[in-house]
Every structure is written in structure tokens, then in C-alpha cells.
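Predicted model, plus sequence, below.
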There are 2 protein chains.
Amino acid sequence: MQVAGEMIIGRSAVVGKEGTMKAIDPSRNVEIEPAFGLAGAADLQRAAELADAAFDVYRATGLEARAKFLETIADRIMDLGPALIERAMQETGLPQARLEGERGRTCNQLKLFAKVVRDGRWQSATLDSALPERTPPRSDLRLRKIGLGPVAVFGASNFPLAFSVAGGDTASALAAGCPVIVKAHSAHLGTSELVGKAVAKAAQECDMPEGVFSMLIGSGQTIGQNLVSHPAIKAVGFTGSRAGGIALMKTAAARKEPIPVYAEMSSINPVFLLPGSLDNAKLPQSFADSLTLGAGQFCTNPGLLIALKSDKLQAFVDAAAGTIGGKGASTMLTPGIHKAYVNGVGSLAGVEGVTQVAAGQTTDAPCAAQAFLYQVDAQRFLTDAALEGEIFGPTSLLVVCDDVAQMLAVAEHLEGQLTAAVHATEADRETAARLLPVLERKVGRILFNGFGTGVEVSHAMVHGGPFPSTSDSRSTSVGASAIDRFVRPVCYQDVPAYLLPESLSDANPQNIPRVVNGDLAWKA
Amino acid sequence: MQVAGEMIIGRSAVVGKEGTMKAIDPSRNVEIEPAFGLAGAADLQRAAELADAAFDVYRATGLEARAKFLETIADRIMDLGPALIERAMQETGLPQARLEGERGRTCNQLKLFAKVVRDGRWQSATLDSALPERTPPRSDLRLRKIGLGPVAVFGASNFPLAFSVAGGDTASALAAGCPVIVKAHSAHLGTSELVGKAVAKAAQECDMPEGVFSMLIGSGQTIGQNLVSHPAIKAVGFTGSRAGGIALMKTAAARKEPIPVYAEMSSINPVFLLPGSLDNAKLPQSFADSLTLGAGQFCTNPGLLIALKSDKLQAFVDAAAGTIGGKGASTMLTPGIHKAYVNGVGSLAGVEGVTQVAAGQTTDAPCAAQAFLYQVDAQRFLTDAALEGEIFGPTSLLVVCDDVAQMLAVAEHLEGQLTAAVHATEADRETAARLLPVLERKVGRILFNGFGTGVEVSHAMVHGGPFPSTSDSRSTSVGASAIDRFVRPVCYQDVPAYLLPESLSDANPQNIPRVVNGDLAWKA
């Protein structure tokens, strides 16, 4: 399948007429053919009208039909074969193995949501029996959750497959019964077109209503903002920068009808190295590997280390410096990201009290990121908010504390984060126990003796956290619970049996666990 | 127990120094002693610091201890005896039976949340086993939900007990493990003090940390807004006017760290009278009863009737006019609410095309509301947004449609609502089936052959709905699910067993149902 420079509006491949843009190969810093036509107001309006019209039809599809649709999307993505991987490599500078792995994750994610849809628990079916003899009598009450309505999805630069056109936000919104309009990321336009067409093909094959899926191409400032402002849109999923996420939050809050925004924004993922862990000879290597994985372009990159001053810490730093020194520079996703990285590192290096303790290799290749480790004392860190800013790329800052009290003060001082890691042994038990409640208030995922990079797509995963790591700490954008973002409860009171939805009918034909009169009633 | 004009800050009864206010007896339009001292910035700061300090201690209490605390609050409220009811009658003009019923509902609500806490399902415990042999290996992942942090609660004028100091928002926030700071409603200051002291007494008796509960007295513009702006506050519960709710939403969104606001605001609760229902001779009476219940001061008051033009409809109107004509005027909650009601009715009556078809009795008593039914044709209703505004009190507007298509157009035209009622028989099956999906998108609760007044406190209740009925359609403020508003998920990855919370430990000592590797594992 060839990349044609098209977007997708319902069942039509459309070339936008509002100018053009091209993707860029960051490893050579050159444009890639073809040009993509940009969407205008009429394209957006058409996609929104189709999504609105599709909503009632789509949400009324049975669980099995909807699950099958998600699985078919996965199949059609696999059908794209090597052409998808090749285009994605060109557009992102990411290596083949990583992109093949990410494609696998994307398809597994779609299949996980197919299972979630079939299980039916996301509907939270709850029944309270009528009590006609009570004074006053109680009506028959039944609750289920339904989709919020059409969802706008903004893909991430760093996951051209798993958090883009058919990524986690799209999969969970479709699972919830919500039509989706994707704003394609300008960094991987061709990849987006290929995947978008696979989704459209699956929709047609599964006889889903036109408008269940569209994908627009355009700038975030115009098409993106206008999409979030459109009255047909009822929720937003976004992964990207803090500035980008906050702009969408403001737009959503300023609407006549404000809508939820799930923006996954920025996180520096503090790593606490408790004294016992410094005896682990593998720690410097595993830290350096996590730091430089994917050129450090992960939301969960370990951007902050916190440790107590000691000789062992110095030994850790020396060993990490050796390992980092051997790490080659790797191509970043876009020239813009590379420029922001270079500027971010420059600012950090210029802060008084901050010293460079490790540096990776350099190269003349465009957009290549050199890895760094900097160091600062906790006193200084606590008084300079700028040191807490995210540098997207393979740079981390080691904060050296005088004692445990200061380490706890650093933990308390932190903004909201996606993850926090604690490296500890049994000997650190007391300190770890004091850290845990602080971290629970600050982050979405607490991990021991590991690093946050590598986000499992499963039922217990939380990829979320207090602001500014996300716009809404009550949710996760990865894992089965992501579906909960796009539903709301509706209560049916004394509704005649012939009008009740399947999930609430007496016979429980979906065979789902339901809460009946306050107790969980196991499915047959 | 005497009313002393005090607020409650942690374990202290405090007289504010920033001026005074008094409650008003609306039935005589006179002030009631004593004067209440108003909180200043230092009082707010103290309450916020105590709540922040209490959070980690309070959320670590066991399920049983927390449930017992909620039940003890109910007991201490009952201990207040007739003094509470007498003071509430004075302050609100509501009759004794209604307030005694509301007290019962308040205590049952606290007991329901005690059961919800003990059941433990609100924690959404979810476990994914480690898969060390997989490539790449999967970590041990465990998810639970924890409280968001201290919650600011704004009581409602129309529920001085059930949606005030120890009402639904407070009960569900405390159940979730969140300390609460109540901003007492100025319409029932004495009632608030009495109940606030009962809560404080229960907290002390149950050995809860100081700061788990405070109650401030002051104006919404100063203390209310400053409370929502305070960094220690992590969520807001509010029941009141649309303007008040939107003001809090804006304040919460403008914070450095935006926080969720659960504002239950305005709703006109459309009632669709399908042709078959007009044969029900009891309908005019039950409509008039619902319209005038509690002087029409319910969020779920039937403010809008929608029906097809017919002789039977005229007969319904005539009968309703007769019944409404016999309804006495009753005292409204405050002079301000009464004034707004009179103005609202005046505006509606002045709209071209709107005619008065029924009027209740009048009286010279201050703050007494006369009931009204107005009528307008659908064509006119669809073109004048002002006709959709809420008039808080016993006035409703009948929208007469030419045909079913126009009735559906009226349904589509509506803003978000708390409830919609459909009166129908089997003969109306087809029309009801067409209405249902439209209403699902518009409202939180759909009821058949009844009226929305009378909100059951149970597991399947939804008292919520799309904007502007609430600020967040993903939630309910009444019923067991209200606890979900105040929690967020945290994932524990490879956390040592000795640090895991009870709900996630292998032995499942809380004996709760958990999702294990994607499947619901029944408790022992």
C-alpha cells in the first residue's frame, strides 16, 4: 500500500486543500514524499457530523461485534506488513526491532480491549430491586455505563503506533462505544495514513457505521484546537508536551459545554536509590540502559535520581559515568524535539551548583542526542523549581541528599509524576516505608528495584498520575482501566423490560458479574 | 445543645473574627440568634493544614475503623434529638416531617457508605502476576484506588441535612479516605453548627486524626473561593446554582494544579407525556404533587412537560389546573430564593407565546411561593433558549408538539439534565424506543411513569448528568457510586510484600473480590 498524502473522513480518503505538509526523516533531516493535504473547517465539520451520527448506532452494537471490530483492526494493521515498519522507520528514526515490537504491542492492546469489551464489567451493571411494600416504595433501579460520545485523539510523537492512530486512546474509546476522530501527528504522517486506512477498512468490513473513525491532518493550533472546540466532541485523549496538554485543557474548559481532557503530559520519574541498593553492581548499567533507551524519549524516562551522599554513591556515579560514556548518540524523533533537548540540557548545565558527571558519545549526524548525567545537592534542588522541569531525552539529574529527612523533603517537594522508582533492599525497609505514602500521593505507579521505562499493557497498569504528569489523576491511559475514561453512568428507573439494555435485563444474557442490591452477583 | 455561633477547625470550636452573619427565618423574614463569627484567612489556613496533615493518617485507617466512624457520625446526629429539627425548621421553613425524614436519609446515607467502605470494592483491587519466564519478563503489578486528598464540600440550600455538613458529599469523601472541609451554607448556620459538632465528636470518639473534618463559616465569594484555591484541597463537592458551580469550576481550573469539581447545578427535568399515558386519570394529581413538593425546591422538580397536541392533553391540562389551583403557597428556603423565583416566573410569563394555564393559591406570608403551569408551542420553545432556564420553585412549562418528530426535536434540543421522565403505556412503545437513546445522551436518570423528585439512596442511583446539570457527567452525587468521585488509581510494581497495602496482599485479608490476571476472583 502506498502513502498517498490522504486523510480519512468516514469512508472516504480525502486530500485536504488547506496547504500541505511533509514528514521529515530525522536521521538525514530531509523531507519525505509525498505531500499531505491539510484539513479545512469543512473537513472537520464533516468528520464531526459523521461521528455524531455514528454514535447511537455504534454504541448499540453488541459486545461481540465491537470486540470483533477491535480485533479486525489489529489484523488489518498486520496486513500492512513491512511497508508500515519501513515508513515508520523513515519518519521517526526508530529502529526496526523497536517498531516491530511496538506494532505487536499495538495489536495486543487492541486485543486486550476486545477482551475487556467482551467481559462487560466496564458497564458497571448495578441493579436495585423494587420494594413496593416499603414506605415509601422503592422503584426498580438499574445502572449501566455508556460511552461519552465522539472522542478526539491526539497521537504521541514517541509512539507512532502504540499511542497514535490506532493506539491506546483510540482502542479504549472505541471499546467504550465512542466514535473517534484522530488528529494525526505531523511527525509520522505516512505511518498515520497507513494505520488510518487499516482502521477504516476494518470498520467497513465489520459493518460499523460510517463516522465511527476519521483521521484529520492539520496543525495542532488550528485543526487540533477546533476539533476540541467542536460541540460534537465529548472527550479528548492526548499524549504530548505540558504546553500542548494545557492548551487543550483550557480550550475544553472554555467550551459552552466543558468536556473531560485526558492529557498525558510531563514527568521526570524520580528514582530513589536507598543505601542498600548501591551494593547492586548491576545498578549503574541498568540505569544507563533505561536512561538511553529509545534516545531517552519515554514519558517514563528516569530524569531524576535521589540518593544519600556516601562513598558508595560516588562509586555508583563513577560506574554509571563509565557506562554512559560508552553509549552512542541516537537519532531523536524530530528536529524540533532534538532542538528542545539541546536547549534543555544547555539550561540545566548553566544552573549554578549543577555539575556534569557523565556524558555519552557524540556524532555529527543530525538530530542525534548525547546522553548526560548531572548532579546537584538537595539544598539547591529544593530552592530552584527550574530543576524539576522535564528534559525530554537521555539526560538525568542526580540529587544528593545529606540524610533521609532531606530525601523525604525532596519527595514531598516533587510535582505529580507518572512513576517513581525505589531501589532498596530489606536493610532499607524503614526508609522505604516512610517514602511509600509520600509517593502514593505524588505518582501513578510505584516500582521497586526497576525503572519505569517499559509500560506493561495489562489490567493492573496505571499510566497516569497527579498534575502535571496528567490532566486527570483519576485515570490511566495504558491498560484495561483506560476504558473507564470514556464512559458515564445512566440510571434506568422502572424502565419496561422491553426497553432495557441487554446488560441490565433480568436474564443477564451478557453473563456479566453485576452488583445486585449491593452485593456482587457472580455470573452464571 | 445550644447554637453558639461557632465554626469547627479540627478539634476546636472557633468564633470567627471577620465580621458576623445570622441565619434568617424565611417564614417571618427575621434574623435568628445567635450571630456567627466569619472565618478569616488564618482560619482557612489552619483547617487546610490540619486536613493535609490528617490525610496520610486517615487514609491508612482500616476499612472497619472508617466504617465505624461513619456510623458513629449518624449516631451523634441522632443524639442531637429535637433541637436539630427545631433549629432546621426555623432556618429553612421546611416542615417537621420533611426534616425528620431528611435526617433519616442522612443517617442511612452514612450507613450506606459504611457498608460500601467495608465491602471494599471501591478500591478496584486488581492484580497481574509476574511472568518471569516471558520475553520480556512481566513484573508483578497490583492496582488499588486511594483517596484524592482533602475535599472541600459546599452544602445545598435545599437539603440542610442530607446535602450539607454530613450529607452525601461529606459521607462519600470520608468513605474514600479523604479529610473534609465544609463551607457551611449561610441559609442554615445553626443546623450546620449542630451537625458539625456531631461529626467532630464522632471523629474524636473514633480516634480519627484532628483535621479529618473542619467546617468554616464565611461567604462563598471569599472563604468559598479561597478554599477551592488552596493547594491542600484536591477535589470539590458542590450542590447549588449554575452560576455558583461555574464560578468554582473556573477557580479550580485556574489553579497551578487544577482539581476536579463535582458541581450539581441546574436541571429542568423534562417529562414526556406520551399519548397513552394521558388516559391515566391520576396523572394530573401526581404531576401537581411532584411540582409543588417542598415548594418545588428540588433539583429534580419537573420543570418541563412535553406532549403532543390533543383533546386528551387539554383534559390533562384542565385537570392539572384544577389540582394546582387547590395547592397552597408554601414558604421557600430563603428570601433570596423567593425573590429569584418571583423574578423567574415574571420573565417566563412575559415571553411572547407563553400563556399561563394554571396557578396555585396565594398568601401574604413572606417568602411564600405560588405554583404555576405555563404553556408554549414547541416551535417557539425550539427557538428561544431562555425558555430552557431553570426556575427554582413550583413552576413548570408545558411544551405542546404537533407530532412525534417535533417531540424528538425538543428532546434533541435540550441541554444536559439530571433526570428525564417518560409517561407511556405499551401503546407508546415505538415512540418510547425512539426517545430512549436521545435521553441516554442527555440525562443521568431515565424514569418511566413517575417523577424525578424522590432520589433513592442506593447502589444503582445516578444523580448526575451532562453539563449543565453537573460539571462532570462521569459521576453521581447520590448513591454508592458517589465514592468513585474521590479516588484515583495507584499501581504497585514489584513492591515487597511487607510494604503492600492490605487490599493487595496475596492473602486478601479484606476478603474482597479482586480482578486477578483479568478475571474477577470471587472472595472466599
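It's in.

Contact partners for A:Ala307?
Residues near A:Ala307 by CB atoms under 8 Å, 6 or more residues apart in numbering or on different chains: A:272-274, A:278, A:313, A:316, A:398-401, A:407. Using the backbone N, CA and C atoms, a C-beta is placed for each residue, glycine as well.

Now do the SS call for A:Gly328.
Recorded secondary structure, A:Gly328: coil (DSSP: H, G, I helix; E, B strand; the rest coil).

what about it, distance to A:Glu133?
Distance of A:Gly328 to A:Glu133, given as CB to CB, to the nearest Å: 77 Å.

quick one: which of the two has more around it?
Legend: neighbour count by other CB atoms under 10 Å in any protein chain shown for A:Gly328 and A:Glu133, higher for A:Gly328 (13 against 7).

related to what we said a few turns ago, go ahead and build a ChimeraX selection from the buried members of the contacts of A:Ala307.
For the buried members of those, the matching ChimeraX selection, counting by 16 or more other CB atoms under 10 Å in any protein chain shown, is:
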select /A:272,273,274,278,313,316,398,399,400,401,407
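
So which of the contacts of A:Ala307 reach chain B?
Among the contacts of A:Ala307, proximity to chain B is found for none (CB under 8 Å from any CB of the partner chain).

Inside strands: which ones of the contacts of A:Ala307?
Mapping the contacts of A:Ala307 onto strands (DSSP state E) picks out A:272-273, A:398-401.

Can I get these in CSV including distance to B:Ser219 and pLDDT?
As requested, those are arranged in CSV below (distance: CB to CB, whole Å; pLDDT from 0 to 100):
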residue, distance to B:Ser219, pLDDT
A:Phe272, 44, 98
A:Leu273, 50, 98
A:Leu398, 49, 98
A:Val399, 43, 98
A:Val400, 48, 98
A:Cys401, 44, 98
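
with those in mind, which one is nearest to A:Ser12?
Set against A:Ser12, the nearest of those by CB to CB is A:Phe272 (52.7 Å).

Among the contacts of A:Ala307, pick out the one closest to chain B, please.
Nearest to chain B among the contacts of A:Ala307, counting by CB to the nearest CB, is A:Leu274 at 12.0 Å.

residues in contact with the spatially closest residue to the closest one that is not a sequence neighbour?
Excluding the flanking residues, the one nearest A:Leu274 by CB to CB, 6 or more residues apart in numbering or on different chains is A:Asp428, at 3.7 Å. By CB under 8 Å, 6+ apart, the contact set of A:Asp428 is A:274-277.

which bits of the stretch 51-200 of chain A sit near chain B?
Contact residues, the stretch 51-200 of chain A versus chain B (CB under 8 Å from any CB): A:55-56, A:60, A:115, A:119, A:121, A:124, A:126-128, A:136, A:138-139, A:141-143, A:146, A:148-149.

Just the buried residues of the residues you listed.
The neighbour-count criterion (16+ other CB under 10 Å) marks A:55, A:115, A:119, A:121, A:124, A:126-128, A:138-139, A:141-143, A:146, A:148-149 among these as buried.

Pairing partners for A:Val422 in the sheet, please.
Legend: beta-bridge partners of A:Val422 under DSSP bridges are A:Phe272, A:Phe448.

got any ranges where the stretch 151-300 of chain A has weak pLDDT?
For the stretch 151-300 of chain A, no stretch has pLDDT under 70.

Break chain A down into its structural domains.
Following automatic domain parsing, chain A resolves into domains at A:7-121+A:149-265+A:475-485, A:270-448.

Would you pull up how far the shortest one lies from the middle of the chain?
In terms of CA atoms, centre = their mean, to the nearest Å, the centre of domain A:270-448 is set 21 Å apart from its chain centre.

farthest-separated two in the contacts of A:Asp428?
The most widely separated members of the contacts of A:Asp428 are A:Pro275 and A:Ser277, with 7.2 Å between them, by CB to CB.

Between those two, which has more neighbouring residues?
A:Ser277 (21 against 18).

May I have the residues that are in contact with that one?
Neighbour list for A:Ser277: A:283, A:423-425, A:428, A:449 [criterion: CB under 8 Å, 6+ apart].

what about it, distance to A:Asn269?
Using CB to CB, which is the criterion applied here, A:Ser277 is 16 Å from A:Asn269.

now swap in A:Gly168 and tell me
Going from A:Gly168 to A:Asn269 by CB to CB gives 19 Å.

helices and strands of chain A: which one has the lowest mean pLDDT?
strand A:519-521 (a mean of 92; mean pLDDT, DSSP states H and E).

hmm, who's touching that one?
A:513-515, B:121, B:513, B:522.

Pull out the buried residues from those.
Buried members of the contacts of strand A:519-521, scored by 16+ other CB under 10 Å, are A:513-515, B:121, B:513.

what's the closest of those residues to B:Leu174?
Nearest to B:Leu174, judged by CB to CB, of these is B:Arg121 at 17.2 Å.

Does A:Ala329 touch A:Thr362 like I think?
Yes: at 5.6 Å, A:Ala329 and A:Thr362 qualify as touching, with contact defined as CB atoms under 8 Å.
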